[in-house]
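Peer 1: Sequence plus predicted model, see below.
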Amino acid sequence: MNHTIIMSKYQGLGNDYLILDPKKNKVELQGKKVALLCQRGFGLGADGVLYGPVEMEGKLGVRIYNADGSESAISGNGVRIFAKYLMDQGYVTEKKFDIETLSGTIHVECLNGRATEFRVNMGKASFVSREIPVTGEMREVINESFIFNKKEYKATCLTVGNPHCIIFTDQVSEDQVKNLGPYVENADEFPERMNLQICHQIDKGNLDIEIWERGSGYTKASGTGSCAAAMAAYKLGLVESRINVNQPGGMIQIDIAEDETIYMTGTVGYIADVSVAESFFS
Ligand SMILES: NC(CCC[C@H](N)C(=O)O)C(=O)O
């Protein structure tokens, strides 16, 4: 008999994830299968896969995969999406709850009755080279010169649980980030590869970004990318503590507390449940 696997598809401002729930499906997930599932021609098509709920530290956790099958410790849109999934499926009934990730415990709060808007405590950023990681002597990587594809850029690098490189420019475009992204992602200075945001400061409370994700390429939105761009701009004195981060899929609001804890607020949406042939996983 041909069994089917049910996966759910959700999006955070057009950054789309498939969810595979091991409590409902008896399949193991491996990187190669993730890459196939995420392919838009031969698979279902997505920017990544969320595998959960899984037990982590005795609590509800999620494992986060990029479209190429590599694993990321955290995803901002992924966490909001997974929070909605947990509520939609009745795994949690409270408005405030925690999700375990490889980057630690994430506190989320649902802001509305339809479970489409969440505020998430994303913790603190670090600009320290060894923590990001960026090669070379130990330092904070702020407004530093890098050569990408034979051209010099001033970049600020930081980790918000995953690594980000922020380049400020006069304007941002899809073409620009698509051309530069692969060079930054795979630069020798970044031993764990890199997410790239090119960023334009509009004023003290607004940024425009375009995103190239490590392991997934061009995406319409990024939660951690929004946190990283806002935090880099804050560190450089370009913005105040509430920042609207505008991106092709919409806007994510970032609030930076006095102790520099980052709060991300944004929407998510359910797209569909999809039935996938079990043979796809064999
Ligand atoms: N979509 C993301 C980030 C996903 C992980 C990233 N590609 C990485 O490998 O670090 C988000 O919304 O934060």
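Peer 2: Cool, the structure landed.

Peer 1: Just give the closest residue to the residue sitting nearest the centre point of the chain, not the sequence neighbours.
Peer 2: Residue closest to the mean C-alpha point of the chain, counted by Cα atoms, centre = their mean, is residue 75 at 3.2 Å. With sequence-adjacent residues excluded and distances taken as Cβ to Cβ, 6 or more residues apart in numbering, residue 75 is closest to residue 64, at 4.8 Å. Placement of C-beta: from N, CA and C, glycine included.

Peer 1: chain center to stretch 242-250: distance?
Peer 2: Relative to the centre of its chain, stretch 242-250 is centred 14 Å away, using Cα atoms, centre = their mean, to the nearest Å.

Peer 1: got the contact list for that stretch?
Peer 2: 11-15, 174, 202, 205-211, 220-222, 225-226, 229-230, 233-234, 251-256, 266-267 (Cβ atoms under 8 Å, 6 or more residues apart in numbering).

Peer 1: quick one: which of these sit in strands?
Peer 2: Residues from these lying in strands, with DSSP state E as the criterion: 11-12, 15, 202, 206-211, 251-256, 266-267.

Peer 1: Which ones, among those, also lie beside the ligand?
Peer 2: Intersecting the ones in strands among the contacts of stretch 242-250 with the surroundings of the ligand, defined as Cβ under 6 Å from any ligand atom, gives residue 15.

Peer 1: ok, of the ones in strands among the contacts of stretch 242-250, which come out buried?
Peer 2: Burial by neighbour count, judged by 16 or more other Cβ atoms under 10 Å, picks out 11-12, 15, 206-211, 251-254, 256, 266-267 from the ones in strands among the contacts of stretch 242-250.

Peer 1: ok, back up a step: what confidence value was assigned to the residue nearest to the centre of the chain?
Peer 2: Among the per-residue scores, residue 75 holds a pLDDT of 98.

Peer 1: Next one: it relative to the ligand, how far apart?
Peer 2: 4 Å (Cβ to the nearest ligand atom, to the nearest Å).

Peer 1: now residue 173
Peer 2: Residue 173 sits 20 Å away from the ligand, going by Cβ to the nearest ligand atom.

Peer 1: How many residues are close by that residue?
Peer 2: Using other Cβ atoms under 10 Å, residue 173 has 13 other residues around it.

Peer 1: what's near enough to touch the nearest residue to it once chain neighbours are set aside?
Peer 2: Of all residues beyond its chain neighbours, the one nearest residue 173 is residue 210 (6.5 Å), with distances taken as Cβ to Cβ, 6+ apart. Residues near residue 210 by Cβ under 8 Å, 6+ apart: 172, 173, 174, 176, 177, 197, 198, 247, 248.
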